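Asks: sequence and predicted structure, then a few things I'm wondering about:
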Amino acid sequence: MQPSFDVKVGVAGTGPGTKSVIRVEDLSLRYRLPREPYSGIKEFAIRWLQRRVRYVDHWALQNVTLDVGKGEILGIIGRNGAGKSTLLKCIAGVLYPTKGRVFVAGRVAPLLGLGAGFHPELTGRENVYLYGALLGYRRREIEQRFDEIVDFADLWDFIDSPLRTYSGGMSLRLGFAVATARDADILLVDEVLAVGDAQFQAKCIQRMQDYRDRGTSILFVSHDLGAIREICTRVTWLDKGEMRLVGSPGPVVDAYLEDLSQGEGAGNAPASIES
């Protein structure tokens, strides 16, 4: 595929006939990786100065097109390395695609990684204010919602301890609580159910369902296929950076499980299942 650099980031609904909260059109993202492994930065620097570094193109996403409507929960599934998190980062504006367009309408609340936006040397309390500021909260908003955030995360006993003393599950609970403390038009959720106990996972699912009922659109990346079936209105299956299948949760998840049972997939052309 020849690279193109015609990238436009705009607002969904502004294009002709477009009513989506999120619209992704022909999105591709390329990384240039060294063809040969290097023992360290010194060897790489020497070869780079000698112009002996050869690169190979790796397409993390290829020609992805999707729409997300108001109040929809779109599940995104696929093997590790399929491009799920990369897609969310492109929609959030963290990564800039090599080709394609992303249109987003409304305020986005991203939860894109364990501890993203946190500082390990700051206390939990300080990190609530830090992460909230990164998400665009005003200080007064954080102050008004602080008790609710800590209650949801169930971290009162640790809120004044440095974040480096938190377990992975505790950090995720705090991050999810901050990111979802106020209503957003779009919520981007990446593997929030991967860490944490069953009780907190149930709280996360309930909060996402409450968001959906209020009209928030959610993109939900998860390996928890039970949760995908339970809360998603549609599911997209990514395979090696390409859309393999999109449709209703049951049929898409079943097809994905069958593919897993047969080993590495062949990367068939995108298809659609509706039921």
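Replies: All right, it came through fine.

Asks: in the stretch 101-250 of the chain, which spans are strands?
Replies: 108-111, 186-190, 217-221, 234-239, 242-247 (DSSP state E, counting those that start in this stretch).

Asks: can you say which of those strands is packed in most?
Replies: When the strands of the stretch 101-250 of the chain are scored by mean count of other Cβ atoms under 10 Å, the highest mean neighbour count falls to strand 217-221 (a mean of 25). C-betas here are computed from N, CA, C, even on glycine.

Asks: so where is the protein shaky, pLDDT-wise?
Replies: Residue ranges of the chain with pLDDT under 70: 1-18, 33-40, 42-54, 113-115, 194-196, 264-275.

Asks: one more pass at 80, please.
Replies: For the chain, applying pLDDT under 80 flags the ranges 1-19, 32-56, 113-116, 192-197, 263-275.

Asks: for this structure, just list every one of the helices.
Replies: Along the chain, counting by DSSP state H, helices occupy 41-49, 84-92, 124-134, 139-153, 168-179, 198-213, 225-231, 249-261.

Asks: the inter-axis angle of the fourth one versus helix 198-213?
Replies: In other words, helix 139-153. 130 degrees (axes from the mean of the first three to the mean of the last three Cα atoms, to 10 degrees).

Asks: so which bits of helix 139-153 are buried?
Replies: 142, 145-146, 149-150, 152-153 (16 or more other Cβ atoms under 10 Å).

Asks: the third one too?
Replies: By neighbour count, and taking 16+ other Cβ under 10 Å as the criterion, the buried residues in helix 124-134 are 124-132.

Asks: ditto for the longest one
Replies: For helix 198-213, a neighbour-count test (16+ other Cβ under 10 Å) marks 200-201, 203-205, 207-208, 211-212 as buried.

Asks: the last one now?
Replies: Buried residues in helix 249-261, defined by neighbour count with 16+ other Cβ under 10 Å: 249, 252-253, 255-256, 259.
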